[in-house]
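# what's the 3D shape of this:
(one chain, ligands or ions: 1)
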Amino acid sequence: MQDVAKALENLQRNTQNPLLDRLGALFESAGFELALVGGPVRDAILGRVAPDLDFTTNAGPDEILKLLKPISSATWDIGRAFGTIAAQIGDEKVEITTYRADSYDSETRKPTVEFGTNLEDDLIRRDFTVNAMALRLPSRTFVDPHSGLRDLLFTTLKTPSKPEVSFSDDPLRMMRAARFASQLGFVIEPETFEAMVSMRERISIISMERVRDELSKLLLSSNPRPGLEALVDSGIAAIVLPELPALRLELDEHHHHKDVYQHTITVVEQAIDYEKDYGLANDLVLRLAALLHDIGKPATRRLEPGGAVSFHHHDVVGAKLAKKRLQELRFDNDTIKAVSKLIELHLRFFGYSDQQWSDSAVRRYVRDAEDQLLRLHALTRADVTTRNRRKADRLAHAYDDLEQRIKVLQEQEELDSLRPELDGAAIMELLNLKPGPEVGKAYKYLMEIRLDEGEIGRAEAEKRLLSWWQSR
Ligand code: CTP
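You can find the predicted model right below:
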């Protein structure tokens, strides 16, 4: 990757924000230390301007508040008990936390907070060396006691203290390791990974909400594969998302079906690639549906006479299992509903290429997908992972065809629903006509008004029709 000189240059260049110097000077003049820390330092070195500005200081929460109040449009003591104060300063949101010397209680889920007195003690309590670097302000001195810069250049994730200590402090860090593997493309160092394996059970003390958020961040990264593999290989997924490792079905002796687990990860990757085609971006619902679309397979797997393997109704079974798992992970109802609908419908198309659907089957597909149609398009296309080029092409063309028919039907139906206020029978009654060309002309006259003016109401339509008739 880059060298040290380039990395430090990046750090200075991507932290040019005048707010840093302003805050540094403010804290210094009050006799306190202040440093930019963690994610923003890491991201600046990586060449990205960090979305959040996190600082750490030896000032206590009350002192932080006192300093920030006069220059902020709003302040929140989001984690005041933990020493974190957030503030809105101009367009920017900052979070400033008192040096920590805390650890999480190993039995309960609650952090036990103790404030620290110096930056070094704060840094050693952080999750990974690449997140344990700081930039002192206003001096802009780079502080890196745990060789985070070296690890960042070698794209290595390791803990500043012994991994067992760091993961005991907060077991969610094991999932953060997987997330950073995906988000930053870093490799989890072997000793750190071994600690994930040996301490995996500890993840169960973490609240489902925090697990959910971490899993979501992993899935929303540009490359979920390494993170998902780290969760499965460490045994953590077996605790928080057991349906995923369960997809590693033994291959039957005839290799009649592919490895569903590998297939699933490929489907997640392909779904991400399809997002832009459907105007979607970082779409958690689609990615969750891709991840869970085949979880009904292990329970429905049957060996058929002749040696073939079948998974009848794995769509319906999978949708139910997904609902249960997502509820347990405390996802919101809209997400759960959308994901299970997509899973339930993910096989429907595969009957299309064998026998042409009637218009009503196409309409039913659209109706059943409701507001999930675009995601269903993306998921169904992503589900094709065959290495057989001809088969893949045939399915892609069949799906193009289906989308085209949906488009034509939708256009027609919009046109079909455009009707004048009076139909043929009403026209005949009002004008006292028998069926014939005059009725058609009257209908056409009303239709022109409908197209030009939109709906005018029945009474107005009758009035206009009568005066048109009389003027003839
Ligand atoms: N941190 C930690 N242990 C945790 C969570 C956070 O040590 N379980 C520290 C890390 O130094 C991290 C910083 O707190 O860099 C800020 O946390 P957070 O905002 O969650 O992490 P970021 O690295 O900034 O990444 P993101 O904002 O994407 O979550």
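# Show me which residues of the chain sit near the ligand.
Applying Cβ under 6 Å from any ligand atom, we find that the chain lies next to the ligand at 38, 39, 52, 54, 126, 127, 131, 170, 172, 173, 176. The way it works is simple: take the backbone N, C-alpha and C, and place the C-beta from them, glycine included.
# Which of those residues fall within helices?
Judged by DSSP state H, the residues of the chain next to the ligand include 39, 172, 173, 176 as members of helices.
# Tell me the confidence at the second one?
Okay, so that is residue 172. Per-residue pLDDT puts residue 172 at 97.
# burial count for it?
22 (other Cβ atoms under 10 Å).
# for the stretch 151-300 of the chain, what spans make up the helices?
Here the stretch 151-300 of the chain has its helices, by DSSP state H, counting those that start in this stretch, at 163-169, 172-183, 190-198, 208-219, 224-234, 237-240, 260-275, 284-292, 297-300.
# closest one to residue 4 among those?
helix 172-183 (20.9 Å; Cβ to Cβ).
# Which parts of this protein are strands?
Along the chain, counting by DSSP state E, strands occupy 34-37, 53-57, 74-79, 84-89, 92-98, 103-104, 111-112, 134-137, 141-143, 156-157, 187-188, 301-303, 309-311.
# And the nearest residue to residue 42 once chain neighbours are set aside, how close does it get to residue 424?
Once flanking residues are discounted, residue 42 sits nearest to residue 130: 5.2 Å by Cβ to Cβ, 6 or more residues apart in numbering. In this view, residue 130 and residue 424 are 75 Å apart by Cβ to Cβ, to the nearest Å.
# More neighbours: which of the two?
residue 130 (30 against 13).
# Pairing-wise in the sheet, spell out the partners of residue 187.
residue 156 (DSSP bridges).
# mind starting the numbering at 7 from now?
Sure thing, new numbering starts at 7, so read that last one as residue 193.
# Tell me how many other residues crowd it.
Neighbours of residue 193 (other Cβ under 10 Å): 18.
# Next: residue 361.
Other residues close to residue 361 by other Cβ under 10 Å number 8.
# May I have the phi/psi pair for it?
phi -140, psi 130 (degrees, to the nearest 10).
# Please apply the same query to residue 44.
Taking degrees, to the nearest 10 as the convention, residue 44 sits at phi 70, psi -130.
# Pretty sure it sits against residue 137.
Yes. Checked against Cβ atoms under 8 Å, the pair residue 44 and residue 137 is within contact range at 4.9 Å.
# neighbour count winner among those two?
Comparing residue 44 with residue 137 by other Cβ under 10 Å, the one with more neighbours is residue 44, at 26 against 23.
# Check what pLDDT that one gets.
95.
# try residue 111
56.
# What of residue 255?
74.
# neighbours around it, how many?
Residue 255, neighbours per other Cβ under 10 Å, totals 17.
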